[in-house]
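**Q** give me a model of this one.
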Amino acid sequence: MAKLPLDGIKILDLARLGPGPHASQILGDFGADIIKVEPPSRGGIELTMPDVLRRNTRSMRLNLKKPEGRAVFEKLVQQVDVVVEGFRPGVAAKLGMDYHTLSKLKPDIICVSLSGLGQEGPYSLVAAHDLNYQSLAGIPHMTGDRNGPPKIPGNAIADDAGGISAALSIMIAMFHKERTGEGQYVDFAMVDTLLNMMLLQLNEVHESGESPQRGETTLSGKYAFYNIYECADGKSVSLGTFEPWFWKKLCDLIGVPEFADRQYPETEHEAEAQKHTLREIFLTRTRNEWVAELMFEDTCVTPVLSLDEVMADRHHRERGAILAGSDIGKGFADQVGMIYKFSKTPGSIRRQAPQTGADTADILREIGYEDDTIAALETAISTF
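**A** Sure, this is the predicted structure:
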């Protein structure tokens, strides 16, 4: 097997929820050695993320409150490139796991603090979850029908996009380290990622001095050409016909050529009339019939897939964006594949999600403990 691009990079992952596991999964897919630190078991009750987010990682139990556990932790820090934590702001410092403390153990260490709202600021200690972070970035405000309430998006955007963004932040810090030999501290807030996802909309507010409402912008359903339409079988298609030539092609194919040069109606009444006409048209056939007629004709029409359809979709499967478990190896389930497709350094799924603590002994051995002490030490650091 070809060497993976992140071979040799070691990441100590203390972040058990939020974007941390997703960031580790991405970096692990491309060869980083991810050591997930798990607390002792609480009577068999484990707080772990789904297996798909724990692939290509190793797991060790470590009671960081015990002297033995602290000693192991410090030895680990000296042998890794990055430490990622997801404690509430201020907790890492109280535990002696902050950048100031760890950089004394390893001057070039990179420490990443993952939080919802950042380490500083008026909201930094507010208890919150994904929907709260989305709300502070204006996402639910722009989601839903014009005359209805804000809607909850269908995925954990802050966690999911945050994981991708956190992985990027780690690689930027690693790139700086490769150039200069310097480690650094990264204050990562999920809400900052969401604000960057809303960059264009927020810039529009700044330039216009007005705050748009859901249903009143191009991206939230104001016009017929960028919208979702129900079909005869209750399923839906999406239209994304921004370019006028795509819009004209669509209008000709569905029998409303008069709309072609009226892509942006001047009045709300005309815009609503266009949408009403298209709703009536799309209700005359099933979703798959419309897809067969329009999708491959430069009309920017695609089906709105259910999640089971996403998993089975032939495009995703042929690209390897969705992988069959049987193609990965024995015991693997079907799952989302690598986020990036590199021509020379493709990622790979090499490890199934580990049982919690399964790699403790191996990791202790790697950081210098002798075999005759490992069994007793593992018991000591894996219990309360």
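
**Q** for the rest of this, base every contact and every neighbour count on C-alpha atoms.
**A** Will do.

**Q** what's the distance between residue 173 and residue 366?
**A** 25 Å (C-alpha to C-alpha, to the nearest Å).

**Q** which one's more surrounded, the two?
**A** residue 173 (21 against 12; other C-alpha atoms under 10 Å).

**Q** residue contacts, that one?
**A** Contacts for residue 173 (C-alpha atoms under 8 Å, 6 or more residues apart in numbering) come out as 110, 183-184.

**Q** and for the residue nearest to residue 365 when sequence neighbours are not counted, the neighbour number?
**A** Once flanking residues are discounted, residue 365 sits nearest to residue 371: 6.9 Å by C-alpha to C-alpha, 6 or more residues apart in numbering. By other C-alpha under 10 Å, 12 other residues sit near residue 371.

**Q** same question for residue 39.
**A** Residue 39 - counted by other C-alpha under 10 Å - has 22 other residues nearby.

**Q** on that earlier part again, quick one: the residue nearest to residue 365 and residue 364, what's the gap?
**A** Distance from residue 371 to residue 364, by C-alpha to C-alpha: 9 Å.

**Q** sorry, back to before: my guess is the residue nearest to residue 365 meets residue 362, correct?
**A** No - checked against C-alpha atoms under 8 Å, the pair residue 371 and residue 362 is beyond contact range at 9.7 Å.

**Q** three-state assignment of residue 229?
**A** Per DSSP: H, G, I helix; E, B strand; the rest coil, the secondary structure class of residue 229 is strand.

**Q** that one touches residue 240, doesn't it?
**A** No - Residue 229 lies out of contact with residue 240 (C-alpha under 8 Å); the separation is 11.5 Å.

**Q** so these two - more neighbours on which side?
**A** residue 229 (23 against 17).

**Q** so what's that one bridging to?
**A** The bridge-partner assignment for residue 229, based on DSSP bridges, gives residue 237.

**Q** and if you look at residue 61?
**A** residue 38.

**Q** from residue 363, how far out is it?
**A** In terms of C-alpha to C-alpha, residue 61 sits 10 Å off from residue 363.

**Q** quick one: which of the two has more around it?
**A** The neighbour comparison of residue 61 against residue 363 (other C-alpha under 10 Å) goes to residue 61, with 23 against 18.

**Q** do I have it right that the more buried one meets residue 357?
**A** Yes - using C-alpha under 8 Å, residue 61 is in contact with residue 357, at 4.7 Å.

**Q** residues shared between the contacts of the two?
**A** residue 38.

**Q** scan this protein for its longest helix.
**A** For the chain, the helix with the greatest residue count under DSSP state H is helix 157-180.

**Q** which stretches of the stretch 251-384 of the chain have low pLDDT?
**A** Scanning the stretch 251-384 of the chain for pLDDT under 70 picks out no residues.

**Q** where do the strands sit along it?
**A** 301-303, 322-323, 335-336 (DSSP state E, counting those that start in this stretch).

**Q** nearest residue to the middle of this structure?
**A** residue 160 (2.4 Å; C-alpha atoms, centre = their mean).

**Q** one step back: distance check, the residue nearest to residue 365 against residue 7.
**A** From residue 371 across to residue 7, the span is 26 Å (C-alpha to C-alpha).

**Q** could you do residue 209 as well?
**A** Counting by C-alpha to C-alpha - residue 209 and residue 7 are separated by 49 Å.

**Q** of the two, which one has the most company?
**A** Using other C-alpha under 10 Å, the more surrounded residue of residue 209 and residue 7 is residue 7, with 13 against 9.

**Q** what's the pLDDT at the closest residue in space to the more buried one that isn't next to it in sequence?
**A** Leaving aside its sequence neighbours, residue 7 sits nearest to residue 31 (C-alpha to C-alpha, 6+ apart; 4.7 Å). On the pLDDT scale, residue 31 is placed at 98.

**Q** for the helix or strand harbouring residue 84, packing partners?
**A** Assessed by DSSP states H and E, residue 84 sits inside strand 82-85. If you count contacts as 3 or more C-alpha pairs under 8 Å, 6 or more residues apart in numbering; DSSP states H and E, strand 82-85 packs onto strand 10-13, strand 110-115.

**Q** pull the CA atoms of the last one into PDB?
**A** Presented in PDB, the C-alpha positions along strand 110-115 are these (Å, rounded to 0.1, in the frame of the first residue of the first chain):
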ATOM      1  CA  ILE A 110      -0.100  22.100  18.700                       C
ATOM      2  CA  CYS A 111      -3.000  22.400  21.100                       C
ATOM      3  CA  VAL A 112      -6.600  22.800  19.700                       C
ATOM      4  CA  SER A 113      -9.500  23.800  22.000                       C
ATOM      5  CA  LEU A 114     -12.800  22.900  20.400                       C
ATOM      6  CA  SER A 115     -15.900  24.700  21.700                       C
END
